[in-house]
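In: sequence and computational prediction follow.
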Amino acid sequence: MENKEKTEGKKLEEELFNTKKSGWEKATDEDKKLIFKFSDEYIEFLNRSKTEREFVQSAKEVLDKNGYKDLNTVEKVSAGDKVYYINRGKSMYIAVIGKKKLEEGLNLVGAHIDSPRLDLKPNAIYEDTEFAYFNTHYYGGIKKYQWTTIPLSIHGVIVKTNGEKININIGEKEEDPIFTITDLLPHLAMEQMKKTLLDGIDGEDLNLLIGNMPYKDESVSEKVKLNILKILNDKYGIKEADFLSSELELVPAFNAKSLGFDKSMVAGYGQDDKVCAYVALRAILEAKVQDKTAICILADKEEVGSMGNTGMESQVFDNFVAELLNKSGENRPNLLNKVFCNSSMLSADVGVTYDPIYASVSDRTNCAYSSYGISFDKYTGGRGKGGGSDANAEFIGKLRGILEKNNIQYQISELGRVDVGGGGTIAYILANKGVEVIDCGIPVLSMHSPYEVASKFDIYSGFRTYKVFFEEA
Ligand code: MN
Ligand code: MN
């Protein structure tokens with residue numbers, strides 16, 4: 001009946017156009033329930049996992065409860081086994097062994113768990129005019145002005161010369177103090193406000209205010225600093241020099257929450273890339289892994305170029321896969337190369353949501369829209385795809401087949417308009433080993449800011465995508 005009223009052109013349009021629509025339009029009440037429940041669990045996890053070390057710890061707890069074993073404690077692996085490997089407390093690989101031999105290839109989903117932030121300098125504490133401060137050096141690409149005048153908490157470790165490691169987490173509990181970086185009042189900021197956003201706040205001026213009360217002793221020169229060190233010594237047994245062997249990170253003290261009257265979005269710090277990391281973790285936990293071995297990578301140091309022994313450029317991941325080969329009794333010379341050449345991967349990193357307020361940086365036909373589903377970036381890089389990893393059409397065709405069969409909404413986009421900028425992920429590192437890789441993540445607004453925004457529909461679409469990829473790719 002309805003079809004009769006449609007013109008030939010209308011019918012053709014429906015058949016041939018790739019019509020894009022918000023996923024909420026088709027979502028049933030049952031879908032919405034699942035999406036909101038999943039998002040609540042994500043928000044709870046994110047709020048206790050603001051740094052890479054905390055994320056690893058939270059993930060380990062979940063994995064231990066679900067029958068996963070530390071690979072180091074296992075002699076052999078075979079189909080159905082669930083193992084993980086933690087690299088220096090900052091990155092982690094999780095595997096579910098499939099029925100097929102590893103040499104037939106792995107299904108990898110790789111996210112990163114480090115996020116832009118401020119790190120304390122090694123010589124951290126100083127006093128100026130009865131204020132005590134911590135010196136900082138920012139980590140990753142931030143807009144520095146966004147990090148002043150917000151409540152910050154301190155997370156990380158201090159390692160003493162005897163090897164004792166002290167875990168620090170101050171500013172998260174209701175009764176904890178918070179810390180902040182001051183900015184100039186507008187009344188006296190005429191000169192500052194003429195500067196560009198790039199220069200308005202100097203990197204060396206990102207000093208964290210940590211105290212103002214002097215130690216009562218006239219013979220002491222820096223009384224406020226001494227008072228702070230006394231407090232820290234009483235509580236943690238540390239001295240000023242112990243900051244030399246510390247890794248302390250400043251992150252927003254406020255928590256992730258549902259955003260909007262409709263609660264359709266999540267606002268929170270560190271969603272790049274902990275949203276994809278959490279979703280990938282949930283996907284490997286819930287996937288029914290059959291033939292190919294599934295591996296979830298939670299990498300560190302992506303935001304500063306993936307270097308170092310916890311970054312994806314290191315050999316540690318290769319060693320992990322080699323250990324799986326050893327422990328499955330499958331290994332022989334050069335087999336690792338073959339494993340990689342037969343593997344495929346979703347590089348699970350956040351994308352850019354089209355922001356109508358900043359429309360000029362996007363190509364409206366090739367950007368990711370909020371709530372239109374998980375977003376694939378065929379390629380990354382900038383200015384003529386420079387430095388980018390470009391996924392093969394054959395691989396994308398296969399993935400589209402899997403998603404469409406499973407009725408999962410997705411979109412394919414790029415970061416921004418040609419020549420406006422660019423970016424990268426860990427995709428190229430695995431692609432260089434011979435793995436089929438495509439970037440595939442949840443788009444966000446305000447990326448790298450202290451409060452990033454993601455759509456709950458897209459978060460759940462990401463979960464479903466990674467799960468079917470583990471099961472069917
Ligand atoms: Mn990222
Ligand atoms: Mn990033």
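Out: Yes, it's here. Residues are numbered from 1 along each chain as shown. Ligands and ions are numbered 1, 2, ... in the order given.
In: just give me the neighbour total for residue 380.
Out: 24 (other C-beta atoms under 10 Å). The C-beta positions use only the backbone N, C-alpha and C, and glycine is treated the same way.
In: burial count for the residue lying closest to it once chain neighbours are set aside?
Out: Nearest non-adjacent residue to residue 380, counting by C-beta to C-beta, 6 or more residues apart in numbering: residue 388, 4.1 Å away. Applying other C-beta under 10 Å, we find 23 residues neighbouring residue 388.
In: equivalent analysis for the one 10 residues further on, please.
Out: The number of residues packed near residue 398 is 14, by other C-beta under 10 Å.
In: which residues does it contact?
Out: residue 473 (C-beta atoms under 8 Å, 6 or more residues apart in numbering).
In: now the helix or strand hosting it, how far from the chain's geometric center?
Out: Under the criterion of DSSP states H and E, residue 398 resides in helix 393-405. On the basis of C-alpha atoms, centre = their mean, to the nearest Å, helix 393-405 is displaced by 25 Å from the centre of the chain it belongs to.
In: what's the separation between residue 37 and residue 463?
Out: 11 Å (C-beta to C-beta, to the nearest Å).
In: between those two, who's got more neighbours?
Out: Per other C-beta under 10 Å, whichever of residue 37 and residue 463 has more neighbours is residue 463, with 25 against 11.
In: the more buried one contacts residue 285, doesn't it?
Out: No: with contact defined as C-beta atoms under 8 Å, residue 463 does not reach residue 285; the gap is 10.3 Å.
In: just checking, the residue nearest to residue 380 touches residue 381?
Out: Yes: when contacts are counted by C-beta under 8 Å, residue 388 is listed as touching residue 381 (2.3 Å).
In: which residues do the two both contact?
Out: 422, 424.
In: and stretch 238-249, how far out from the chain middle?
Out: For stretch 238-249, the distance to the chain centre is 26 Å (C-alpha atoms, centre = their mean).
In: ok, residues contacting that stretch?
Out: Here stretch 238-249 has contacts from 51, 117-120, 122-125, 134, 139, 154-161, 166, 168, 229, 232-233, using C-beta under 8 Å, 6+ apart.
In: in that stretch, what counts as buried?
Out: 238, 242-243, 246-249 (16 or more other C-beta atoms under 10 Å).
In: need the strands for the stretch 251-400 of the chain, in chain order.
Out: Taking DSSP state E, counting those that start in this stretch as the criterion, the stretch 251-400 of the chain contains strands spanning 257-259, 265-268, 293-299, 344-347, 351-352, 374-377, 381-382.
In: per-stretch mean pLDDT over those, give me the minimum one.
Out: Of all these, mean pLDDT reaches its minimum on strand 381-382 (a mean of 86).
In: need the contact list for the residue of the stretch 1-150 of the chain found nearest ligand 1.
Out: Proximity of the stretch 1-150 of the chain to ligand 1 (C-beta to the ion) peaks at residue 112, 5.7 Å away. For residue 112, the contact set (C-beta under 8 Å, 6+ apart) comprises 273, 277, 298-303, 312, 349, 425-426.
In: how close does the spatially closest residue to residue 309 that is not a sequence neighbour sit to residue 236?
Out: Distance criterion C-beta to C-beta, 6+ apart; nearest residue to residue 309, sequence neighbours excluded, is residue 316 at 6.2 Å. Distance from residue 316 to residue 236, counting by C-beta to C-beta: 30 Å.
In: same question, residue 20
Out: 53 Å.
In: tally of neighbours for the closest residue to residue 88 other than its chain neighbours?
Out: Once flanking residues are discounted, residue 88 sits nearest to residue 310: 5.5 Å by C-beta to C-beta, 6+ apart. Residues lying near residue 310 (other C-beta under 10 Å) number 20.
In: in what helix or strand does residue 168 lie?
Out: strand 165-170.
In: and the contacts of the helix or strand just after that strand?
Out: Next along the chain after strand 165-170, taking DSSP H and E as the criterion, comes helix 190-193. Around helix 190-193, the neighbours that count as contacts under C-beta under 8 Å, 6+ apart are 184, 186, 200.
In: now for the very next helix or strand once past helix 190-193, which elements pack on it?
Out: Next along the chain after helix 190-193, taking DSSP H and E as the criterion, comes helix 197-200. Contacts defined by 3 or more C-beta pairs under 8 Å, 6 or more residues apart in numbering; DSSP states H and E place helix 197-200 against no helix or strand at all.
In: quick one: contacts of helix 197-200?
Out: So helix 197-200 is contacted by 143-145, 192-193 (C-beta under 8 Å, 6+ apart).
In: who's residue 83 bridged to?
Out: Bridge pairing for residue 83 (DSSP bridges) gives the partners residue 69, residue 95.
In: counting neighbours, what do you get for it?
Out: By other C-beta under 10 Å, neighbour count at residue 83 equals 23.
In: give me the pLDDT value at it.
Out: With respect to pLDDT, residue 83 has a value of 98.
In: next one: residue 234
Out: 98.
In: if I look at residue 397, how far off is ligand 1?
Out: 26 Å (C-beta to the ion, to the nearest Å).
In: just give me the neighbour total for residue 78.
Out: 10.
In: sorry, back to before: mind listing what's buried in the helix holding residue 398?
Out: Neighbour-count burial for helix 393-405 [16+ other C-beta under 10 Å]: 395, 399, 403.
In: could you measure from the first one over to residue 413?
Out: When distances are taken as C-beta to C-beta, residue 395 and residue 413 turn out to be 17 Å apart.
In: check the last one too.
Out: For residue 403, the distance to residue 413 (C-beta to C-beta) stands at 15 Å.
In: could you do the second one as well?
Out: Residue 399 is 15 Å from residue 413, where distance means C-beta to C-beta.
In: picking up where we left off before, list buried residues within the contacts of helix 190-193.
Out: residue 200.
In: for the contacts of helix 190-193, which one is nearest ligand 1?
Out: So of those, ranked by how close each gets to ligand 1 (C-beta to the ion), first place is residue 200, at 25.0 Å.
In: after the lengthiest helix in the chain, next one along is what?
Out: Criterion DSSP state H: the longest helix present in the chain is helix 29-47. Next in sequence after helix 29-47, counting helices and strands by DSSP H and E, comes helix 52-65.
In: residue 82 contacts residue 69, correct?
Out: Yes: using C-beta under 8 Å, residue 82 is in contact with residue 69, at 6.9 Å.
In: who has more neighbours out of the two?
Out: Using other C-beta under 10 Å as the criterion, residue 82 and residue 69 rank with residue 82 on top: 19 against 14.
In: wait, what's in contact with the more buried one?
Out: Applying C-beta under 8 Å, 6+ apart, the residues near residue 82 are 63, 66-69, 94-97.
In: got the phi/psi numbers for residue 255?
Out: phi -100, psi 160 (degrees, to the nearest 10).
In: leaving out the residues flanking it, which one is nearest to it?
Out: That would be residue 47: by C-beta to C-beta, 6+ apart, it lies 4.7 Å from residue 255.
In: who's in contact with the one you found?
Out: Per C-beta under 8 Å, 6+ apart, neighbours of residue 47: 255-256, 268.
In: what's residue 389 in contact with, if anything?
Out: Contacts of residue 389 by C-beta under 8 Å, 6+ apart are 347, 379-381, 424-425, 427-428, 431, 437, 439.
In: sounds good, over and out.
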